[in-house]
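J.: no sequence on this one, just coordinates:
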């Protein structure tokens, strides 16, 4: 028998899906711009630029909403490192690499107090507290390249800022793929996706 | 005494530097014949200033008059122009040497560029004949017939080549774009040839993302001319509906900027350090045109490995039903 825990409040679910949709739009339009080719156009370049710019600005505000939400609610505590994180990371990685195939119980079962397992926690903290802020800052700089990049740091900085932005974008796209796959590891392959819609997490 | 020696060395060195630099400076100015400078000064003493003096025999004294602003020649711009070695009377009538000038001289037929530049081996590298052909099929010539001359863009008193000689790309982009804007941002000059209202360049280009950066980093002719590899600068200015409006023409691996703006910088290897079209990178960064081969390979390999890893994990889970 499975047990249901209410883990994801409405504001988190709204933010999550909104954030996911914006990230997806940004990855697709970003790829289309980076590999633009007259012979094989993915999205018309000027459309891709416009969509990327609008989605980028929305992502910045969405991130600020997430930060404020975390400051005002108890959700923020799930995005802080605790003692013994590295030891726990190894235990969780070992579980995903071997234990899961042997039918072992997860070493860190999900509860109201521990919404994420150590691997989730580590990746979410890195993505939400480092990658997303950096991609937002570099993105805003590229939105006003003449004022925020060239005037301040010179011509060559434009190239460096864009490289950084693209590499961070690539990191987010990798995260998205891995995140989607690990979400299939639940009570059933779709129970975690359902949980992010209903707010209830189904335990094993 | 020993302490004085280094001081002497410094003094002698500084003297040598100052003498040699003044010699080099002299060499620069001697490019223009002193005779020409002197001869031209007879014209420029009046035409080089906003006001001029002349002796009026009627009142028997010097009078100060205002020079027609269209006849004022900026001598400092002239002496760095392509025609700096010319005497004024090489192109204008010798009769101008007497003052007051004859009224008939106003009807003087002015030289066109091709009068001197056509069929001369000295200028073979510039291929003026092809430039002339391209100009005659351009919208400038076809819409305005013979009223539109080379001089409209290339003021013979000030024009100097800049794209090939100026290392600062921003400078020559500004210089070249100002040539277009002398008409397209100045209604009085624009309406010399048309009764149409001059469109506002900022409004007609409002569709362009990062408009300011585009205006600073590329010349108008990058999008508004047809590229011709036989000449150094394209002269076939296209009608506005045929101007480049597809961003990917520049924002792609085979960017047209390499055949126009970066023609002089792009001399060989197109992909140094893995960056496509690396000639652009010193001055700018063009999304889509400056992708990096090595980063592309690394990202594809990383993505592939992650996907393979996840697939293997998923298959084992399915087989073991976990």
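T.: Okay, I see it. Just so it is clear, the structure is predicted and the values come from calculations on it, not from any experiment. Residues are numbered from 1 along each chain as shown, chains lettered A, B, ... in the order given.
J.: Tell me, how many residues neighbour residue B:36?
T.: 16 (other Cβ atoms under 10 Å in any protein chain shown). The way it works is simple: take the backbone N, C-alpha and C, and place the C-beta from them, glycine included.
J.: That one belongs to a helix, doesn't it?
T.: Yes - assessed by DSSP: H, G, I helix; E, B strand; the rest coil, residue B:36 belongs to a helix.
J.: For the residue lying closest to residue A:143 once chain neighbours are set aside, the count of nearby residues, please.
T.: Nearest residue to residue A:143, sequence neighbours excluded (Cβ to Cβ, 6 or more residues apart in numbering or on different chains): residue A:53, at 6.2 Å. Residues within reach of residue A:53, counting by other Cβ under 10 Å, total 17.
J.: Need the three-state assignment for residue A:53.
T.: Residue A:53 - assigned by three-state DSSP - is helix.
J.: That one contacts residue A:144, correct?
T.: No - counting by Cβ atoms under 8 Å, no contact exists between residue A:53 and residue A:144, whose distance comes to 10.7 Å.
J.: could you measure the residue nearest the centre of chain A against chain B, distance?
T.: Nearest to the geometric centre of chain A sits residue A:127, at 5.6 Å (Cα atoms, centre = their mean). According to Cβ to the nearest Cβ, to the nearest Å, residue A:127 stands 15 Å off from chain B.
J.: Pull the contacting residues for that residue.
T.: By Cβ atoms under 8 Å, 6 or more residues apart in numbering or on different chains, the contact list for residue A:127 reads A:171, A:172, A:175.
J.: could these be laid out in CSV, adding pLDDT and neighbour count?
T.: CSV is the format used below for these (pLDDT from 0 to 100; neighbours: other Cβ atoms under 10 Å in any protein chain shown):
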residue, pLDDT, neighbour count
A:171, 96, 19
A:172, 97, 18
A:175, 97, 17
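J.: Please convert those residues to a markdown table, extending it with distance to residue A:90 and secondary structure.
T.: Output for the contacts of residue A:127, formatted as a markdown table (distance: Cβ to Cβ, whole Å; DSSP: H, G, I helix; E, B strand; the rest coil):
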| residue | distance to residue A:90 | secondary structure |
| --- | --- | --- |
| A:171 | 22 | helix |
| A:172 | 25 | helix |
| A:175 | 20 | helix |
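J.: Of the residues you listed, which fall within the contact range of chain B?
T.: Applying Cβ under 8 Å from any Cβ of the partner chain to the contacts of residue A:127, one finds that nothing falls near chain B.
J.: Chain B contacts on chain A?
T.: A:33-38, A:41, A:44-46, A:49-50, A:53, A:96, A:100-101, A:103, A:145-146, A:150, A:155-156, A:158-159, A:162-163, A:166-167, A:170, A:173-174, A:177-178, A:181, A:184-185.
J.: Weed out the non-buried ones from those residues.
T.: For the residues of chain A next to chain B, a neighbour count by 16 or more other Cβ atoms under 10 Å in any protein chain shown gives the buried set as A:33-34, A:36, A:41, A:45-46, A:49, A:53, A:100, A:145-146, A:150, A:155, A:158-159, A:162-163, A:166-167, A:170, A:173, A:178, A:181, A:184-185.
J.: quick revisit: got a pLDDT number for the residue nearest to residue A:143?
T.: Per-residue pLDDT puts residue A:53 at 96.
J.: same question, the one 5 residues further on
T.: Reading off the per-residue confidence, residue A:58 sits at a pLDDT of 97.
J.: Residues contacting the one helix or strand residue A:29 maps to, please?
T.: For residue A:29, the host element (DSSP states H and E) is helix A:10-34. For helix A:10-34, the surrounding residues in contact (Cβ under 8 Å, 6+ apart) are A:8, A:41-43, A:45, A:48-49, A:51-52, A:55-56, A:58-59, A:62-63, A:65-66, A:69, A:73, A:75, A:166, A:169, A:172-173, A:176, A:196-197, A:199, B:251, B:287-288, B:291.
J.: what do you get for stretch B:245-261?
T.: Residues contacting stretch B:245-261 (Cβ under 8 Å, 6+ apart): A:33, A:36-38, A:41, A:44-46, A:49, B:169, B:173, B:207, B:218-219, B:221-223, B:225, B:227, B:229, B:234, B:244, B:266, B:270, B:276-277, B:279-280, B:286-289, B:291.
J.: can you pull the contacts of the closest residue to residue B:169 other than its chain neighbours?
T.: Distances taken as Cβ to Cβ, 6+ apart place residue B:283 nearest to residue B:169, at 4.5 Å, with adjacent residues excluded. Residues in contact with residue B:283, defined by Cβ under 8 Å, 6+ apart, are A:155, B:169, B:170, B:217.
J.: Fine by me, we can end here.
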